[in-house]
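Q: I'll drop the sequence and a predicted model, then ask my questions.
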Amino acid sequence: MSDEALDDSQRELLARVLQHGGVLAAPFGHVGEDSLLPELVADIEALEVTGRLRVERDPDGDPRRLELTPQGYEALEME
């Protein structure tokens with residue numbers, strides 16, 4: 001696991017996945033918001049690289065399902 005600190009938007013994304021039982025399917029944004037905003041995609045990729053999220057992608061490579069990993073739970077202090 002990476003010891004990199006989470007920024008606010010990454011912590012919010014992990015918390016949103018947690019609120020959905022640890023698995024969140026697209027769309028990932030808030031109601032009325034594009035779920036693949038560049039900032040959100042960057043957060044998803046950063047959390048995937050650090051092992052905090054497992055990401056399932058569609059045939060185009062866009063994220064379609066996010067799942068918290070044990071490192072993701074740990075980052076939210078939910079060990």
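A: Sure, I can see it.

Q: and for the worst-scoring helix or strand of the chain on mean pLDDT, what are the contacting residues?
A: Every helix and strand in the chain was compared by mean pLDDT, DSSP states H and E; the lowest is strand 23-25, with a mean of 90. Outside strand 23-25, the residues within contact range by CB atoms under 8 Å, 6 or more residues apart in numbering are 16-17, 64-68. (Each C-beta comes from the backbone N, C-alpha and C, glycine too.)

Q: got any ranges where the protein has weak pLDDT?
A: Judged by pLDDT under 70, the chain has its weakly predicted residues at 1-3, 29-34, 79.

Q: please redo it, this time with the cut-off set to 80
A: Segments of the chain classed as low confidence (criterion: pLDDT under 80) are 1-4, 26-36, 79.

Q: all helices for it, in order.
A: 8-19, 38-49, 70-75 (DSSP state H).

Q: show me the one of those helices that comes nearest F28.
A: Counting by CB to CB, F28 lies closest to helix 38-49 out of the helices of the chain; the figure is 6.2 Å.

Q: now that closest one: buried residues?
A: 40, 43-44, 46-48 (16 or more other CB atoms under 10 Å).

Q: one step back: now tabulate the helices of the chain in a markdown table and tack on distance to R57.
A: Converted to a markdown table, those look like this (distance: least, CB to CB, whole Å):
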| stretch | distance to R57 |
| --- | --- |
| helix 8-19 | 16 |
| helix 38-49 | 10 |
| helix 70-75 | 17 |
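
Q: nearest to A26, of these?
A: The nearest among these, by CB to CB, is helix 38-49 at 10.5 Å.

Q: for the closest one, which helices and strands make contact with it?
A: Contacting helix 38-49 under the criterion 3 or more CB pairs under 8 Å, 6 or more residues apart in numbering; DSSP states H and E are the following elements: helix 8-19, strand 53-57, strand 63-68.
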